[in-house]
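Asks: next one to model:
(one chain, ligands or ions: 1)
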Amino acid sequence: MPDLETLWQFICDEFKSKLSSISYNTWIKAAKPISFSQKRLVIEVPTALHKDYWKANLSQQVISMIKNSINQTIKVFVKLPNEPDPLKAEPTWVANSPAEQTTAITEKRRPTFMRETKLNDKYTFDTFVIGKGNQMAHAAALVVAEEPGALYNPLFFFGGVGLGKTHLMQAIGHQMLTNNPQAKVKYVTSEAFANDFINSIQTKRQEEFRQEYRSVDLLLVDDIQFFADKEGTQEEFFHTFNTLYDDKKQIVLTSDRLPNEIPKLQKRLVSRFKWGLSVDITPPDLETRIAILRSKADADRLAIPDDTLSYIAGQIDSNIRELEGALARVQAYASLLHSPITTSLAADALKNLKLNGKSSELSIAVIQDKVAKYFHLSISELKGKKRVKNIVIPRQIAMYLARELTDASLPKIGNEFGGKDHTTVIHAHEKISEMLESDSTLQRSIADLKSELKR
Ligand SMILES: Nc1ncnc2c1ncn2[C@@H]1O[C@H](COP(=O)(O)OP(=O)(O)OP(=O)(O)O)[C@@H](O)[C@H]1O
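Replies: From the prediction side, this is the model:
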């Protein structure tokens, strides 16, 4: 019997010749051989989704590879990093389900009242940097691109602004078109869907609208939180969803929060969105931020020393769009001065951004506006006296942000919230700080709001 290292090398070589490089990097490179004894191979993978995929697709292939090459029957165990040694409790394997074949639909002429939204060429799997916060989302995206309609339908990405939801969603579209150039892929924002729908009513072309949306192989709808308040659109989307789902066509959705946290989203949509898989994308750690900057710099053929990239990555801690913006700013500054990019030049270029600190320009009114919009409240509700929970928490969040992000005094903040006492502001700040320690939904809302306020 080979030792663990030799065996794993053999398995990797076999998969390298069988799988595309994207699949290889996602499933095999991310896996780690742990032990091999008594014909039992233990492999560790990073997320639950990797584990499912291994069990459904890859374990059996490994068994066959070994059988074919040295005529030995081995067992394969797949575990997560925090799971105990699976050899003490043998799992059962899920049989591999055959990939769902999508049928090509001949492209019809697009009705003129609907604007075509094209996929962004840059948003592919190749340009997507994998890190801790997006690893599971990336793996799910790949599964869906390779086996649309079969496993995770709908696939739902949620998470803060600028973290790569659109990028990943469009990467699925590109990949599907690479695999099957005849496939009909449609990307829209929820607002474009709503506009198309309204236009179709105004121009009496609802049939065309339905034909367009219900005949696709892959429907990508971005930012569905904006369906809130749009009753008619939700109704129409419900039927679009049902038709596609019944036809086993893949649906991918994104939002800044989970379906049940989207205000005024119909319950039947919420429940349908939960049928598939919802995956969170969280802000990248420093290492991933540096890797993203490195990949952008390489793509633009920019010579930037590592310590300068680390410096830039250290300045922006959540939003990747801002990270790209910072790099562009440094690049522009360097070309303006005709100097090479160094850390001190980057520090100069970014010094006015005040990204992580307080901003004297940010006003309480702007905070109130953003918070009210985020929670779908009116400014007067936010500033008012109503004590119902769905208003009180946003009000306290707004006070908390005013305290954290501006230099305004407590009485001034109280005053701007309809003349409240400064002790109310202190209480709000304490309450939200305390909740932030354990409430992940709140953590995400605050991160989103902060990131929007820095835009
Ligand atoms: N992992 C990644 N690797 C490389 N680039 C990334 C990654 N994640 C995000 N980006 C880049 O960051 C920018 C913002 O990403 P994207 O627009 O996909 O975010 P989003 O989550 O959809 O944001 P929003 O909520 O504002 O719609 C894009 O230019 C995208 O290419």
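Asks: which element is P33 on?
Replies: Using DSSP states H and E, P33 sits within strand 32-37.
Asks: report the buried residues of that strand.
Replies: P33, I34, F36 (16 or more other C-beta atoms under 10 Å). Yep, even glycine has a C-beta here, placed from its N, CA and C like the rest.
Asks: so the first one touches L7, yeah?
Replies: Yes. Between P33 and L7 there is a contact under C-beta atoms under 8 Å: 7.4 Å.
Asks: overlap of the contact sets of these two?
Replies: Both P33 and L7 are in contact with L41, where contact means C-beta atoms under 8 Å, 6 or more residues apart in numbering.
Asks: and whichever residue of the stretch 51-200 of the chain sits closest to the ligand, what's its pLDDT?
Replies: Proximity of the stretch 51-200 of the chain to the ligand (C-beta to the nearest ligand atom) peaks at G164, 2.6 Å away. We have a pLDDT of 95 for G164.
Asks: in a markdown table: the buried residues of strand 32-37, plus distance to M65.
Replies: Formatted as a markdown table, the buried residues of strand 32-37 follow (distance: C-beta to C-beta, whole Å):
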| residue | distance to M65 |
| --- | --- |
| P33 | 14 |
| I34 | 18 |
| F36 | 14 |
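Asks: those residues into TSV, with extra columns for pLDDT and distance to the ligand?
Replies: TSV is the format used below for the buried residues of strand 32-37 (pLDDT from 0 to 100; distance: C-beta to the nearest ligand atom, whole Å):
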residue	pLDDT	distance to the ligand
P33	94	27
I34	92	28
F36	88	33
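Asks: what about the nearest residue to I74 once chain neighbours are set aside, neighbour count?
Replies: Leaving out its chain neighbours, the residue that sits closest to I74 by C-beta to C-beta, 6 or more residues apart in numbering is K39, at 4.5 Å. By other C-beta atoms under 10 Å, the residues close to K39 number 11.
Asks: now do the contacts for K39.
Replies: Residues near K39 by C-beta under 8 Å, 6+ apart: M1, Q72, T73, I74, K75.
Asks: buried subset of those residues, written for ChimeraX?
Replies: Listed next is the ChimeraX selection for buried residues among the contacts of K39, using 16+ other C-beta under 10 Å:
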select :74,75
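Asks: from the contacts of K39, which land in strands?
Replies: K75 (DSSP state E).
Asks: what does the chain put close to the ligand?
Replies: The interface of the chain toward the ligand, taken as C-beta under 6 Å from any ligand atom, is made up of 123, 127-129, 134, 161-167, 223, 256, 292, 320-321, 324.
Asks: skipping adjacent residues, who's closest to the residue of the stretch 301-450 of the chain found nearest the ligand in space?
Replies: Relative to the ligand, the nearest point of the stretch 301-450 of the chain is I320 (3.6 Å; C-beta to the nearest ligand atom). Closest residue to I320 apart from its sequence neighbours, by C-beta to C-beta, 6+ apart: G162 at 5.2 Å.
Asks: how many neighbours does the one you found have?
Replies: Neighbours of G162 under the rule other C-beta under 10 Å: 22.
Asks: pretty sure it sits against E322.
Replies: Yes. With contact defined as C-beta under 8 Å, G162 counts as touching E322 (6.4 Å).
Asks: overlap of the contact sets of the two?
Replies: The contact sets of G162 and E322 overlap at S451 (C-beta under 8 Å, 6+ apart).
Asks: residue ranges with poor pLDDT in the stretch 251-400 of the chain?
Replies: Residues of the stretch 251-400 of the chain meeting the criterion pLDDT under 70: 352-361.
Asks: go again using 80 as the cut-off
Replies: Counting by pLDDT under 80, the stretch 251-400 of the chain has low-confidence residues at 317-318, 352-362.
Asks: ranges for the strands of it?
Replies: 277-281 (DSSP state E, counting those that start in this stretch).
Asks: tell me the SS of M65?
Replies: Under the three-state scheme (DSSP: H, G, I helix; E, B strand; the rest coil), M65 adopts helix.
Asks: leaving out the residues flanking it, which one is nearest to it?
Replies: Nearest residue to M65 in three dimensions, chain neighbours excluded: E14, at 5.0 Å (C-beta to C-beta, 6+ apart).
Asks: isn't the one you found up against I66?
Replies: No. Using C-beta under 8 Å, E14 is not in contact with I66; the gap is 9.5 Å.
Asks: who has more neighbours, the two?
Replies: Shown here are E14 and I66; by other C-beta under 10 Å, I66 has more neighbours (22 against 18).
Asks: now do that one, the pLDDT please.
Replies: 90.
Asks: quick check on the closest residue to it other than its chain neighbours: phi, psi?
Replies: In this structure, I66 finds its nearest non-sequential neighbour in I74, 5.1 Å apart by C-beta to C-beta, 6+ apart. The phi and psi values for I74, taken as degrees, to the nearest 10, are phi -110, psi 170.
Asks: T282 too?
Replies: Geometry field for T282 lists phi and psi as phi -110, psi 160, criterion degrees, to the nearest 10.
Asks: distance check, it against E452.
Replies: For T282, the distance to E452 equals 17 Å [C-beta to C-beta, to the nearest Å].
Asks: ok, now G419?
Replies: Applying C-beta to C-beta, the value for G419 to E452 is 27 Å.
Asks: quick one: contacts for the residue nearest to I66?
Replies: Neighbouring residues of I74 by C-beta under 8 Å, 6+ apart: K39, R40, L41, V62, I63, I66.
Asks: same thing but 6 Å
Replies: I74 makes contacts with K39, L41, I66, as judged by C-beta atoms under 6 Å, 6 or more residues apart in numbering.
Asks: do R205 as well
Replies: The contact partners of R205, by C-beta under 6 Å, 6+ apart, come to none.
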